[in-house]
Every structure is written in C-alpha cells, then in structure tokens.
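K.L.:
with the input below, show me the fold.
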Amino acid sequence: MLPVFPPPPPAVEAPPPERSAATLDEVRVAAALTDARVLVDSSFRGASIVLYGAVFNPSDDPADVVVVVRGPDAPVRLVKKTRNMGVWLNSRPVLFEGAPGFYMTASTRPLPDIAEFGQLRRLGVGLDHLRINAPEESRTVTRYGVRDVVVSRLGADYLDWRRAVIRLREAAALYNSDPEGVEFVDEGLFRAEVELPAVAPTGRYSAEVWLFQDGAPVSVSNLTLTVEKVGIERDIFEFAHRRPWSYGLVCVLLAAFTGWGASRVFRRT
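P.N.:
The predicted structure follows:
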C-alpha cells in the first residue's frame, strides 16, 4: 500500500516592499560603496573605491549629484618663514584644533553651477567651504613639546593660514575636488571613484551623497568607510598610543642594542 502524504500548503504571495511604491512620487538618492573597509599593512600603496548609486526622480527636472568624503579630524600645526634682520626664521607655531585628514568632492558639474555660494557654505560642500576648526579666543599653549603655540582665529590672517592647510593637503593628495567626478552610466544610475593615497589617515570616514535640484538639496545618503591598520603594524600603532612611555623606552633600548651590535660586527671585520 502506497503512503499518503498531506497536500502541500497553498502558496502565499508576499506583498511588494513599501519603498518601491514610495519612489514613484519621491525624489531621492541611494548609494553604496564597493568596499566599506580598507585594510592598511606594510604593502599598502593606496586604494580605489567605487561609490555607486541611483537617483529616483519621477519629475522631468534634471538633478545633480555631489559626493563628499571626509576623513577623521586631527590637529594641524603650521609655521611660517619670517625675515628678521636679514635672517629667515620660523614664526611661532599656529595650531588648528581640527581639520579633516582626507577630503574630496566629486560632482556631475562644477559646484558653482549646481548651487549658490550660500547654500554650499551652509552645507560645507567644497574646498572653498571646508570647515577647519580653530577656537575663537587667542591664547598660547604648549603642544607637541613646543611652548608658546598660538591658538586663535588669527584675525584677518586666518584665511591665509587656512589656504596654507588646504594647499599642503592638496600637495599630499589628501584633498581633491573633481567637478566631473560623478558619471551617469545609465538613466538614474551613477558612479564615482574615491582614491585613497598611501598616506591616508586611519579611522572612520563619512561619505555624503547629495542630490540637488534647482539649486537646492532635496535628498542625501550617508555612508561610512573605515580605514584601519592590520597585522603587526596595528599592534605597534596601538602599543605606541596606549603606552607611549613604554614604546619610547623600547625604541631607545632597540636603538642602543642595534648600535652595539653594529660596533661589534665592524670591530671584527
């Protein structure tokens, strides 16, 4: 006698996702990264990451995409050459409390053609509108073992010092602006490349993908990128920052042992 199996349950049709219907009458942008985590070791020579996404635009009005990638903030110390009595000397160091270690913008067109100056300034989009933190008050402190470090907005000279920070970071390929860096590969689909140099700082990066329409931001997509050391480089980095005195002592002992070993070798030869 053949076994009798129960009949299969009726098929249940899953409802469509709600956001698919919402895109029919909502202007928005969605984006993602090919790699959200970059590993840095002794062989790291930089990385190229593709940021891709889609624009959901039910209207006939054209839209522009602007990509802003910002690395972790860190203090920046600058000095300027001044001539005193015919001798060029370094001025007192000027310390900026925080500037992004990496900053890039990419857009479908030049930023002034996408939005007005005030709109870009409020959003902090573009090198001309980059926020570099310096305290309002003027004071002198001791930083990095150097006395009388000036910490201030520097009055009218602040813009000159700010331009110097951007110029130095651009020379190191840490700051970049590409007015045609966002490319539409199909209707609504776009891509942009994020080039990280070998000297890119480690830490958490933020990526903002802005969608502009008629000169105003209508949507934004926020992403996160992590750049971290791995292997023995990470162990040494963490040891140096968690126990700086022990790290310094180990370096001194290692240097002394290396010098003693070299003297023994050359003495025998």
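
K.L.:
make it CA atoms for all contacts and neighbour counts henceforth
P.N.:
Will do.

K.L.:
can you point me to the longest helix in this protein?
P.N.:
Counting residues, the longest helix found in the chain (DSSP state H) is helix 244-268.

K.L.:
what's that helix packed up against?
P.N.:
Packing contacts for helix 244-268, counted by 3 or more Cα pairs under 8 Å, 6 or more residues apart in numbering; DSSP states H and E, involve helix 232-242.

K.L.:
and the helix it packs on, average pLDDT?
P.N.:
Helix 232-242 shows a mean pLDDT of 67.

K.L.:
partners of residue 192 in the sheet?
P.N.:
residue 51 (DSSP bridges).

K.L.:
quick one: residues contacting it.
P.N.:
Applying Cα atoms under 8 Å, 6 or more residues apart in numbering, we find residue 192 in contact with 50-52, 67, 106, 181-183.

K.L.:
residue 115 now?
P.N.:
So residue 115 contacts 212, 214-216 (Cα under 8 Å, 6+ apart).

K.L.:
hmm, 10 Å instead?
P.N.:
Contacts for residue 115 (Cα atoms under 10 Å, 6 or more residues apart in numbering) come out as 64, 121, 212-217.

K.L.:
swap in residue 248?
P.N.:
Residue 248 touches 240, 254, counting by Cα under 10 Å, 6+ apart.

K.L.:
dump the C-alpha coordinates for stretch 254-269 into PDB.
P.N.:
What follows is stretch 254-269, C-alpha atoms only, in PDB (Å, rounded to 0.1, in the frame of the first residue of the first chain):
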ATOM      1  CA  LEU A 254      66.400  48.700  20.500                       C
ATOM      2  CA  ALA A 255      68.500  51.600  19.100                       C
ATOM      3  CA  ALA A 256      71.200  51.000  21.700                       C
ATOM      4  CA  PHE A 257      71.300  47.300  21.000                       C
ATOM      5  CA  THR A 258      71.500  47.900  17.300                       C
ATOM      6  CA  GLY A 259      74.300  50.300  17.700                       C
ATOM      7  CA  TRP A 260      76.200  47.900  20.000                       C
ATOM      8  CA  GLY A 261      75.700  45.000  17.500                       C
ATOM      9  CA  ALA A 262      76.900  47.100  14.600                       C
ATOM     10  CA  SER A 263      80.000  48.200  16.500                       C
ATOM     11  CA  ARG A 264      80.800  44.500  17.300                       C
ATOM     12  CA  VAL A 265      80.400  43.500  13.700                       C
ATOM     13  CA  PHE A 266      82.600  46.300  12.300                       C
ATOM     14  CA  ARG A 267      85.200  45.700  15.000                       C
ATOM     15  CA  ARG A 268      85.600  42.100  14.000                       C
ATOM     16  CA  THR A 269      85.900  42.900  10.300                       C
END
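
K.L.:
about what we covered before: now do the buried residues in the longest helix of the chain.
P.N.:
residue 247 (16 or more other Cα atoms under 10 Å).
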